Structure formats: C-alpha cells, structure tokens
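Asks: predicted model follows, preceded by the sequence.
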Amino acid sequence: MFGRGGRRRGGRGCARGADRYGRAIRWREAADGGTPASFRWEEFLVAGDPDLSSEGAFAAPKGLRFGADGTLWISTGISGHDLNGIAAVHEAAGSNALPAADPTTGKVRNVEIDGIFGRSTETATRDAQSRCGVGVDGIIGSGTWRCLHNFDQQPP
C-alpha cells in the first residue's frame, strides 16, 4: 500500500506498519461467483496523524454505525494506556471527534465535540437526535443520552 506521494507505508494488510490509531476497512463479498467466504477489502479511512491520513486527525475508531440516510458514523477514542503514556502518541491522534463518512464518495467530515456546549455541540446533538429518532431539541435528556451511550454498541 502507498501513502501520499506514492511512498510505501507498511506491509501487506497494514498501510502504516505499526498502527497505534487504527483504521476502518471496507469488506466486500467477491462478485466472482466464488465461495461465500471470498472477500476483497480496501482501506476506507485511517485515524491518527494527519500527515498519513487525508481524512485529518482523529482518534482510533471504536465503533461504526450507519444512519438511516447511509451516513457512516464513527465513534472514536484514545486508550487510557496511550493517554497516560508519551504525549506525542496521543497528540497526533487529534481529538475524540465524531467523524461522519459518506460510503459512496469516501468523503469524511469531523463533527467536532468542543466541550464548551456551544453552537457546535448543539448542532451535533440535534443531528444525533434526528438520526436516533428522539425529539430534536438540542438538549441531552434521557432519550438522547441512551442513544448516545449505546451509539456504538447497537447493531445498525
């Protein structure tokens, strides 16, 4: 696999060699009429250092869920081990953002969670409420909290 500028980025099956941040892989059943266990894969997105990822910096993908409109929501996080270790390891991962990907185009946008509970957080909350089918008011009540808490634990 190759990174920006065509330089080799790692061994077979791992685009960057040692991979602290993770990535999302798209698996597709082979359309060759072969056995059901015949798959092809491609790297869909790479987390971590923005120098190695066109998607930008965000922490390791921890859970994936498709919204009703086909948007792929990616919950992210940094392990406690990395947070308590060398600062450079987790600083390169950026924030614990909530990336949203369009699987048809491959475009990824970060929905930054600013921690200030300002306009960005209200917008992200309203968007999540809409996707979860709870009342859209921008306030994290019990229904919204359950939705967010179970976001990466429930099947789509």
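Replies: Yes, it's here. Note that the structure is predicted; figures quoted are calculated from it, not measured. Numbers count the residues shown, from 1 in each chain.

Asks: show me where this structure has its strands.
Replies: Ranges of strands in the chain, per DSSP state E, are 23-29, 39-46, 60-66, 72-77, 98-101, 108-111.

Asks: for the protein, give me the ranges with low pLDDT.
Replies: 1-20, 31-37, 48-58, 78-97, 111-117, 149-156 (pLDDT under 70).

Asks: show me it divided up by domain.
Replies: As assigned by automatic domain parsing, the chain contains the domains 4-112, 113-156.

Asks: in JSON lines: the strands of the chain, plus mean neighbour count and distance to Gln129.
Replies: (Each C-beta comes from the backbone N, C-alpha and C, glycine too.) Output for the strands of the chain, formatted as JSON lines (neighbours: other CB atoms under 10 Å; distance: least, CB to CB, whole Å):
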{"stretch": "strand 23-29", "mean neighbour count": "13", "distance to Gln129": "24"}
{"stretch": "strand 39-46", "mean neighbour count": "15", "distance to Gln129": "25"}
{"stretch": "strand 60-66", "mean neighbour count": "17", "distance to Gln129": "15"}
{"stretch": "strand 72-77", "mean neighbour count": "21", "distance to Gln129": "13"}
{"stretch": "strand 98-101", "mean neighbour count": "20", "distance to Gln129": "14"}
{"stretch": "strand 108-111", "mean neighbour count": "17", "distance to Gln129": "13"}
